[in-house]
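K.L.:
here is my input, please return the structure:
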Amino acid sequence: MKLTPFWASIALLAPRAALADPNNIEPTTTSTTTTAATPSCTASILTTLCDYPDPDLAVASASRAGCWDYCHNHPPCDFAIWARANPYLDTGTCWLYPGETFDADKGSSTGCSNPYLDVYSKPVCPSATTTTPGACAATETPKAIASGCGYPVPGGGDCFNDCYASSGAVNCLSLCAKADSCSYAVFNPGNEDLSPYGAGNCWVYPEGKFDEDEVKTCSGKPEQYVYNNVCPKPSSPSASSSLSSSSSSATERESATGTAGVASDSTAVAATAGPMAANKENSASVGRSRVYPLAIGVVVLIWQAL
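P.N.:
Take a look at the predicted model:
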């Protein structure tokens, strides 16, 4: 009986990639996620106050820079107030007033020994946009064309396909803009203050125009806000052009086949089957390159063991 050295068997069974020339190996890309030590936005301080009207939205934050980031990521946000909690750790609460501009007359810098409300301008951030993918920048500043109550649900009352949970009017308008078809949208605030910049429901109307006669007067704050689609999608290429292209390609293929057939039937067959045969040959060679090293190794071991 002939024994094969163990190392030789291992070499035969070794994957081909392990024996490849390192100069010909393509580099692999590693995807990593990094978090910056500090947020990326910056803002300028406008003033420091003792008092200012309560915010529409208050968010606890680990730093004032985090407050600027939050303001930038939740438009429309023209300014932010950082309510200091612990000046040594830079923790506090971020006061936001979506859709409003800072009004110095509403604030007061007297009446407290230590003013703690730092008012900052609209943050400046390196990121290009904060819109939902598929939308456009105009959705960051939604402007309602109407508000009220009682507007009918899209689809004749069937809200299965055209109604979505939404984080606010900005998100609702983004959903409308990225939809395959959307003429206008209605946002229904579900938050306690009935703010269009809080959470609620978004109704998307794929076609038709807004009917102002369907809006009812509310007994209190508006419960619905209507927005036109400010970012309609361009019309897609017509089916006829696609069919024309396909027909043209088919005609070219027939013409090529017919031309080859004039010379001889065998030539035509070869011309038509050539690319397929080449593909099959390439596929076979790829398959052999992957399977044969292992198969050869096993056969050699069995043969030498006899």
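K.L.:
please count neighbours and contacts with C-alpha atoms only from this point.
P.N.:
Noted.
K.L.:
pretty sure residue 176 is in a strand, no?
P.N.:
No. Counting by DSSP: H, G, I helix; E, B strand; the rest coil, residue 176 falls outside a strand, being helix.
K.L.:
gap between it and residue 209?
P.N.:
Counting by CA to CA, to the nearest Å, the gap from residue 176 to residue 209 is 14 Å.
K.L.:
and the protein, what are its domains?
P.N.:
Per automatic domain parsing, the domain ranges recorded for the chain read 45-121, 137-228.
K.L.:
who has more neighbours, residue 176 and residue 209?
P.N.:
It is residue 176, of residue 176 and residue 209, that has more neighbours when counted by other CA atoms under 10 Å, with 31 against 10.
K.L.:
quick one on the thing from earlier: list residues touching both of residue 176 and residue 209?
P.N.:
Residues touching both residue 176 and residue 209 (CA atoms under 8 Å, 6 or more residues apart in numbering) are 183, 184.
K.L.:
quick one: the helices in the protein?
P.N.:
6-13, 64-73, 169-178, 239-263, 265-305 (DSSP state H).
K.L.:
now do the second one, average pLDDT.
P.N.:
So that's helix 64-73. Average pLDDT, helix 64-73: 92.
K.L.:
go through that helix and flag the buried ones.
P.N.:
Neighbour counts over helix 64-73 (16 or more other CA atoms under 10 Å) mark 64, 65, 66, 67, 68, 69, 70, 71, 72, 73 as buried.
K.L.:
so what touches it?
P.N.:
Residues from elsewhere that reach helix 64-73 (CA under 8 Å, 6+ apart): 38-43, 59, 61, 77, 79-80, 82, 90-94, 96, 122-125, 130.
K.L.:
among these, name the buried ones.
P.N.:
For the contacts of helix 64-73, buried by 16+ other CA under 10 Å: 39, 41-43, 61, 77, 79-80, 82, 91-94, 96, 122-123, 125, 130.
K.L.:
now intersect those residues with the strands, please.
P.N.:
Within the buried ones among the contacts of helix 64-73, residues falling in strands by DSSP state E are 61, 79, 80, 82, 91, 92, 93, 94, 96.
K.L.:
check contacts around the second one.
P.N.:
So that's residue 79. With CA under 8 Å, 6+ apart, residue 79 has these contacts: 71, 96, 97, 101, 102, 119, 120, 121, 122, 123.
K.L.:
ok, the third one - contacts?
P.N.:
This points to residue 97. Neighbouring residues of residue 97 by CA under 8 Å, 6+ apart: 55, 56, 57, 77, 78, 79, 80.
K.L.:
if we use 6 Å, what do you get?
P.N.:
Residues near residue 97 by CA atoms under 6 Å, 6 or more residues apart in numbering: 55, 56.
K.L.:
let the chain start at 43 from now.
P.N.:
With 43 as the first residue, the last one maps to residue 139.
K.L.:
state the distance from it to residue 94.
P.N.:
In terms of CA to CA, residue 139 sits 11 Å off from residue 94.
K.L.:
mind listing what's buried in stretch 92-104?
P.N.:
For stretch 92-104, the buried set under the neighbour-count rule, 16+ other CA under 10 Å, comprises 92, 93, 94, 102, 103.
K.L.:
ok, and what's touching it?
P.N.:
Here stretch 92-104 makes contact (CA under 6 Å, 6+ apart) with 133, 134, 135, 136, 137, 138, 139, 149, 150, 151, 154, 157.
K.L.:
from those, which is closest to residue 193?
P.N.:
Nearest to residue 193, judged by CA to CA, of the contacts of stretch 92-104 is residue 139 at 26.8 Å.
K.L.:
from residue 103, how far out is that closest one?
P.N.:
Taking CA to CA, one finds residue 139 at 16 Å from residue 103.
K.L.:
mean confidence score for stretch 89-101?
P.N.:
94.
K.L.:
which stretches of this structure have low pLDDT?
P.N.:
Applying pLDDT under 70 to the chain flags residues 43-81, 169-177, 179-180, 276-348.
K.L.:
what's around residue 265, how many residues?
P.N.:
The number of residues packed near residue 265 is 21, by other CA under 10 Å.
K.L.:
so who does the nearest residue to it once chain neighbours are set aside touch?
P.N.:
Of all residues not flanking residue 265 in the chain, residue 191 sits nearest, at 5.4 Å (CA to CA, 6 or more residues apart in numbering). Neighbouring residues of residue 191 by CA under 6 Å, 6+ apart: 257, 258, 260, 265, 266.
K.L.:
measure residue 191 to residue 168 for me?
P.N.:
From residue 191 across to residue 168, the span is 40 Å (CA to CA).
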